[in-house]
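> Need the 3D shape of this:
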Amino acid sequence: MIQDINLDQIIKNLKLKKIFKKLYPICRSITGQGFEESLDILNSVSSLNKKKVKSGTKVLDWTVPDEWNIKDAYVKVNNKKIIDFKSHNLHVVNYSEKVNKTISYKELVKHLHYLPDLPNAIPYMHSYYKKYWGFCLNYNQFKKLNKKVKYKVKIDSSFKRGNLIYSDNLIPGKSKKEILIYTYLCHPQMANHELSGPLTWLALYDIIKKTRPHNYSYRFVICPENIGAAAFLHNNKKKLKNIEAGYILNCLGHGKLVTFKKSRVGNSLADRAAINVIKHSKYPYKILNFFSEGSDERQFCSPGFNLPVCLVMRKMFTEFKEYHTSLDNEKFINFNTIRESISIHYEILLTIENNFIPKAKIIYGTPQLSKSKIDLYPEIMLSKKRKKSDETKLMLEILNLAEGKLDLLEICERKNYKFIDFLNLYKKLLKSGYIKKS
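Predicted coordinates:
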């Protein structure tokens, strides 16, 4: 059973801000040195394993591409760099092929990307499966380009038959039923949309390792987005039947709002536990039904799998203007918001861990609780009518509905209670013998 923890101490010991500063400047992609270097930084804190899938391998309907690496890239005019990959790695279209030539403005603009509606932002662009080269710049930079001069363009990149790498780590519990905690680590130099997920993932991994034993087993997976999820699913088809609930971690460092995107199943244990926590939290929230656009839930909730995997985010991807741009930077992210996000996910895991279907000892009539050796109900009643406590009300509801059909979480939801506020009550009822786990 997961135990009480000092969340602030765990975050302090992990030095999440220090890890963020190491990860943030790295040029990551779905393959290559940047991804592996980033995984090694996480590995230095918590020992993680690595799985490798060779380039050219068919995974579901996808094929693992050649490994991409980049050393340098720039655009020069009169020997002066006006676009420089080393100043910000979003300046290069991710997975750009090698180029080294002098071209006209007319040719250059065919390979430039910018956002007129966000004139100070460098957009994030990639071309994983089509050979291409390009640069990204902010719109204000673009407007200053001279149409009459020649431009020296260079991208020092390489492709090779290499590997896609991901990490798959199982923390065994009392049951083979698994909770999947999943994130991705493949976006270059972005804070909220990229690094808030792995930082939350790392904290939860540390918590679960330190609070064993658990009722469930926990599988912590970190992949490159989409192709990594496809590779994981392809390689683990026989294990997927054990996944009882799953959460994809992203967009967890910005905004007061808590956004919950349901799994395609919609009413799974994963959905119900998350909704119970979110509805009773102090944060404004929004609950969305599953839709096929999005992150790796597209793979996990796809036909043939339809796993109970959902997302608990803060402000959702595409709903903040800084999304997929250089404005999603170290100033945009808030570490207190990440701490809150860790806490929300931890409460969801507590809910799942402690939930069970109660079966009442007394099946005819109501039990005489006052004779219990456990303090459940007062022996002497006041003559004046007094309002019963929430704990007493919920206890009576549990005893009334403990017919081996409803789990505790559903009983709490029917009566509008936050499940984890009554963990001691469930323990007392079990200890008293008035209920048992069905």
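
> use CA for all of it now, contacts and neighbours both
OK.

> Endpoint to endpoint, stretch 185-204 covers what distance?
From the first residue to the last, stretch 185-204 extends over 16 Å; the measure is CA to CA, to the nearest Å.

> Please tell me the pLDDT value assigned to L60.
We have a pLDDT of 96 for L60.

> no no, S438
87.

> What number of residues are in the vicinity of it?
For S438, the neighbour count with other CA atoms under 10 Å is 14.

> Could you do K18 as well?
9.

> quick one: K147 and Y105 touch, right?
Yes - under the criterion of CA atoms under 8 Å, K147 makes contact with Y105 at 5.3 Å.

> Give me the three-state assignment for the closest residue to L401 other than its chain neighbours.
Nearest residue to L401 in three dimensions, chain neighbours excluded: I411, at 7.6 Å (CA to CA, 6 or more residues apart in numbering). Here I411 takes the helix state, with states given by DSSP: H, G, I helix; E, B strand; the rest coil.

> and I411, what is it in contact with?
397-398, 401 (CA atoms under 8 Å, 6 or more residues apart in numbering).

> Over to I179?
Here I179 is in contact with 216-219, 243-246 (CA under 8 Å, 6+ apart).

> Then K52?
Per CA under 8 Å, 6+ apart, neighbours of K52: 163-166.

> do the same with S302
Shown in contact with S302 (CA under 8 Å, 6+ apart): no residues.

> Show me the beta-bridge partners of E403.
Taking DSSP bridges, one finds K359 as the beta-bridge partners of E403.

> Offset the numbering so it begins at 50, please.
Taking 50 as the first residue, the last one we looked at is E452.

> tally of neighbours for it?
E452 has 18 neighbours, counted by other CA under 10 Å.

> and it, how far is that from I411?
Remark: distance between E452 and I411 (CA to CA) = 10 Å.

> likewise L474?
Per CA to CA, L474 is found 18 Å from I411.

> Ok, D320 next?
D320 sits 31 Å away from I411, going by CA to CA.

> which of these two has more neighbours?
Higher neighbour count among D320 and I411: D320, with 25 against 16, using other CA under 10 Å.

> does the more buried one belong to a helix or a strand, and which?
Assigned by DSSP states H and E, D320 belongs to helix 318-328.

> residues of the following helix or strand past that helix that come out buried?
Following helix 318-328 in sequence order, the next helix or strand is strand 334-337 (DSSP H and E). The neighbour-count check on strand 334-337 (16 or more other CA atoms under 10 Å) flags 334-335 as buried.

> can you list contacts of strand 334-337?
For strand 334-337, the surrounding residues in contact (CA under 8 Å, 6+ apart) are 306-311, 324, 327-328.

> can we see that at 10 Å?
305-312, 315, 324, 327-328, 360-365 (CA atoms under 10 Å, 6 or more residues apart in numbering).

> Give me the nearest residue to I469, chain neighbours excluded.
Leaving aside its sequence neighbours, I469 sits nearest to T400 (CA to CA, 6+ apart; 5.9 Å).

> my guess is the one you found is in a strand, correct?
No - per three-state DSSP, T400 lies outside any strand segment and is helix.

> In this model Y475 seems to touch it, though I could be wrong.
No - counting by CA atoms under 10 Å, T400 does not reach Y475; the two are 11.9 Å apart.

> Which of those two has more residues huddled nearby?
Higher neighbour count among T400 and Y475: T400, with 26 against 21, using other CA under 10 Å.

> for the more buried one, what are its contacts?
Counting by CA under 10 Å, 6+ apart, T400 has contacts 51, 318-319, 321-323, 325-326, 394, 457-458, 467-470, 472.

> before we move on, back to that, check what pLDDT the residue nearest to I469 gets.
97.

> repeat for the one 5 residues further on
Reading off the confidence values, F405 has pLDDT 97.

> For it, which non-adjacent residue is spatially closest?
Spatial nearest neighbour of F405, chain neighbours left out: D456 (5.3 Å); criterion: CA to CA, 6+ apart.

> From P74, how far out is that neighbour?
Relative to P74, and taking CA to CA, D456 is found at 47 Å.

> Next: I297.
For I297 relative to P74 (CA to CA), the value is 23 Å.

> Alright, I will stop here.
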